[in-house]
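K.L.:
prediction below, plus the sequence it came from.
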Amino acid sequence: MSSLALCVIIHPALSSRVVLTSVFLPLFTILSLIFASIPRISNTCFHSFLRICTASTGTFGVIVSVALLLHPQQMGWANVWERLWTKDGEGWGVPREQALSAAFFIFFAAGMVADWALKRWVGECPDEVLFMSSHVTIQI
């Protein structure tokens, strides 16, 4: 998803858009599988990498939804998948698209910061924290 968002933001040539998406999608998938399967790397890199991927995916969904709900629709983000086969489309590079691109980065950063803050304040498993704080042991 981040590769398509990057294609919307920087407007590369058609072949560059296809190559960028073709490289990023398998690379991110393979990296997430490697980070998840190796315990030593999993403890250090997996959560940070997963934070980036989930923030990107969530932000992408929000921005596409907003683009679809705008009246009139912002076609640069609403039909983002057409960037992979159309050389130049309607509504590309207009100020509304640029505003949605800026919102993509703002929501992306906010998602990563919120995940980091929740991990720092609550921890890995919020259910355990709530259970441990409500569990009182009485020694006699």
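P.N.:
Here it is on my side, so go on. Keep in mind it's a predicted model, so treat the numbers as computed, not measured.
K.L.:
in the protein, which residue is most central in space?
P.N.:
Nearest residue to the geometric centre of the chain (C-alpha atoms, centre = their mean): Ser56, 0.7 Å.
K.L.:
next one: it from Trp85, what distance?
P.N.:
22 Å (C-beta to C-beta, to the nearest Å). (Glycine included, C-beta is placed from N, CA and C.)
K.L.:
show me the shaky parts of this protein.
P.N.:
For the chain, residues meeting the criterion pLDDT under 70 lie at 1, 43, 91, 124-140.
K.L.:
residues of stretch 95-114 that come out buried?
P.N.:
Using 16 or more other C-beta atoms under 10 Å as the test for burial, stretch 95-114 gives Arg96, Glu97, Leu100, Ser101, Ala103, Phe104, Phe107, Phe108, Gly111, Met112.
K.L.:
how about stretch 69-84?
P.N.:
Of the residues in stretch 69-84, those buried (16+ other C-beta under 10 Å) are Gln74, Met75, Gly76, Trp77, Ala78, Asn79, Val80, Arg83.
K.L.:
for the last one, which non-adjacent residue is closest in space?
P.N.:
Which is Arg83. Cys7 (5.1 Å; C-beta to C-beta, 6 or more residues apart in numbering).
K.L.:
biggest helix in the chain, by residue count?
P.N.:
The longest helix of the chain (DSSP state H) is helix 95-121.
K.L.:
show me how far it is from its chain's centre.
P.N.:
Mean-position distance between helix 95-121 and its chain equals 9 Å (C-alpha atoms, centre = their mean, to the nearest Å).
K.L.:
on contacts alone, who are the packing partners of it?
P.N.:
Judged by 3 or more C-beta pairs under 8 Å, 6 or more residues apart in numbering; DSSP states H and E, helix 95-121 is in contact with helix 2-10, helix 47-69, helix 75-78.
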